[in-house]
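Peer 1: Fold the following for me, if possible:
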Amino acid sequence: MNLGRIDLNLLRVFDAVFEDRNLVLAGKRLNLSQSAVSHALGRLRDALEDDLFVRTSKGMEPTARAVAMAAPLRNALHQIQVALGDEPFRPDVAEREFVVAANDYITMLLLGRLSQRLAAEAPMVNLVIRPSTRLDLAGQIDIGRIDIAIGIFAEVPPRFQSMMVWQQRDVLVMRQDHPIGDRTVTHDDLLNYPLVAVSLGGAEEGAVGGFIVERGLARQSEMFDRQALEDAFPEGSARPRLRVAVAHSLAIPALLRHSEMFAVVPSPLGREFERYGELKTRATPYPPPESAVRAVWHARNAHDPALQWLRAQIVDIGRQVRS
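Peer 2: Below is the predicted model of the structure:
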């Protein structure tokens, strides 16, 4: 293939179509008409001798050649942008979209506050929240379809960067009129009252030690420290019963409303439940380890002014969650 036949603008069109899987949306991103996008895509197809995208009922599906090209091309375009110099990010006039991956409770605690801040400081910026539970999370960060993922990660590969948002530990929550009253929860209580916990994927989905590894990124699959709970009871003795494993932490209040169960949840979520007045929080009768909620992004975006601004907002809001 003769590189001289490739116009840089054709690669920008390819990147936008790969991102949006739709010619109209790609055109809006590039300020081009649908026919201009279609024409540019046709020129690139001729130059590369590949269809690149096939029109389906779900949109423009990339071919194997397009999938192989996508991440390297995005990296190359980003390097060109860095070499030419980035425009300063002005949140008050910026028009762009941030895509953040998070689970439901992080969305409630952090991204709800972020949405309010965007409305006040960056009114033309849109926020898209994707589930961090998806099995191809690292792949979506690699190809640029997710800007930042927020969660608990045991391993972060070198091509990604990360920062701490807050630290947390497991606590117990229960309904306000629970039979234990206001006293301290004991080991015997954990044997007498069954538990609710959040599990986002087990061994059947490849989870090992509470984490799922995909493309080098190990993300939390169980939203509690199972090992710390089990270690609190001698092997061979009675152990707490995990009666309900639920995929959505925001379902916990409904599960506890008319039940004597305890739920094991992260401490920031426990405080939030308690703030609404329906549930109360108690310390676990064993020492739970601290874990760090982190934001993860691709290293190629380290110097993107817009994403630098977004990360600063996340850190600041994380301080509010900790306080």
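
Peer 1: CA only for contacts and neighbour counts going forward, please
Peer 2: Noted.

Peer 1: For stretch 76-95, list every residue counted as buried.
Peer 2: Using 16 or more other Cα atoms under 10 Å as the test for burial, stretch 76-95 gives 77, 91.

Peer 1: ok, residues contacting it?
Peer 2: 12, 121-126, 300, 303-306, 309 (Cα atoms under 8 Å, 6 or more residues apart in numbering).

Peer 1: neighbour-wise, which of those residues leads?
Peer 2: Neighbour counts for the contacts of stretch 76-95, by other Cα atoms under 10 Å, peak at residue 306, which reaches 20 neighbours.

Peer 1: what's the helix or strand for residue 161?
Peer 2: Assigned by DSSP states H and E, residue 161 belongs to strand 160-168.

Peer 1: who's in contact with the next helix-or-strand element following that strand?
Peer 2: As assigned by DSSP H and E, the chain's next helix or strand after strand 160-168 is strand 170-175. Residues outside strand 170-175 that contact it (Cα under 8 Å, 6+ apart) are 224-225, 256-267, 270, 278-284, 288-290.

Peer 1: From these, which land in strands?
Peer 2: 262, 263, 264, 265, 266, 279, 280, 281, 282 (DSSP state E).

Peer 1: What's the PyMOL line that selects buried ones from the contacts of strand 170-175?
Peer 2: Listed next is the PyMOL selection for buried residues among the contacts of strand 170-175, using 16+ other Cα under 10 Å:
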select buried, resi 224+225+256+257+260+261+262+263+264+265+266+267+270+279+280+281+282+283+284+288
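
Peer 1: what distance separates the helix or strand of the chain with the lowest mean pLDDT from the centre of its chain?
Peer 2: Least confident helix or strand, the chain: helix 64-84 with a mean of 81, by mean pLDDT, DSSP states H and E. On the basis of Cα atoms, centre = their mean, to the nearest Å, helix 64-84 sits 23 Å off its chain's mean C-alpha point.

Peer 1: Stretch 109-129 now?
Peer 2: 15 Å.

Peer 1: What are the contacting residues of that stretch?
Peer 2: Against stretch 109-129 from outside (Cα under 8 Å, 6+ apart): 91-102, 107, 268-269, 272, 313-314, 317-318, 321.

Peer 1: In strands only, show me these.
Peer 2: Counting by DSSP E, the contacts of stretch 109-129 contribute 97, 98, 99, 100, 101, 102 to strands.

Peer 1: Any chance of CSV for those, columns pLDDT and distance to residue 48?
Peer 2: CSV is the format used below for these (pLDDT from 0 to 100; distance: Cα to Cα, whole Å):
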residue, pLDDT, distance to residue 48
97, 90, 30
98, 93, 31
99, 94, 30
100, 95, 33
101, 95, 33
102, 94, 37
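
Peer 1: Closest to residue 216 out of those?
Peer 2: Nearest to residue 216 among the ones in strands among the contacts of stretch 109-129 is residue 101, at 17.1 Å by Cα to Cα.

Peer 1: now the helices: where do they sit in the stretch 1-150 of the chain?
Peer 2: 8-20, 23-30, 34-48, 64-84, 104-106, 112-121, 137-142 (DSSP state H, counting those that start in this stretch).

Peer 1: ignore the last one, the stretch 201-323 of the chain
Peer 2: Here the stretch 201-323 of the chain has its helices, by DSSP H, counting those that start in this stretch, at 226-231, 252-256, 267-275, 305-322.

Peer 1: From residue 222, how far off is the residue nearest to residue 105 when sequence neighbours are not counted?
Peer 2: Nearest residue to residue 105, sequence neighbours excluded (Cα to Cα, 6 or more residues apart in numbering): residue 249, at 6.3 Å. Look at residue 249 and residue 222: by Cα to Cα, to the nearest Å, they are 11 Å apart.

Peer 1: Give me the common contacts of the two.
Peer 2: residue 198.

Peer 1: got the domain boundaries for the protein?
Peer 2: 3-84, 97-161+296-322, 170-289 (automatic domain parsing).

Peer 1: In the protein, where is pLDDT below threshold?
Peer 2: Scanning the chain for pLDDT under 70 picks out the ranges 1-5, 82-87, 201-207, 323.

Peer 1: Centre-most residue in it?
Peer 2: Centroid-nearest residue in the chain: residue 101, 2.5 Å away (criterion: Cα atoms, centre = their mean).

Peer 1: If I follow the layout properly, it ends up in contact with residue 132?
Peer 2: Yes. Residue 101 is in contact with residue 132 according to Cα atoms under 8 Å; the separation is 4.7 Å.

Peer 1: ok so, going back, in CSV, list the helices of the stretch 1-150 of the chain along with distance to residue 163.
Peer 2: Converted to CSV, the helices of the stretch 1-150 of the chain look like this (distance: least, Cα to Cα, whole Å):
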stretch, distance to residue 163
helix 8-20, 26
helix 23-30, 29
helix 34-48, 38
helix 64-84, 21
helix 104-106, 15
helix 112-121, 17
helix 137-142, 16
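
Peer 1: Of those, which is nearest residue 242?
Peer 2: Residue 242 lies closest to helix 104-106 among those, at 20.4 Å (Cα to Cα).

Peer 1: Good, we can wrap up now.
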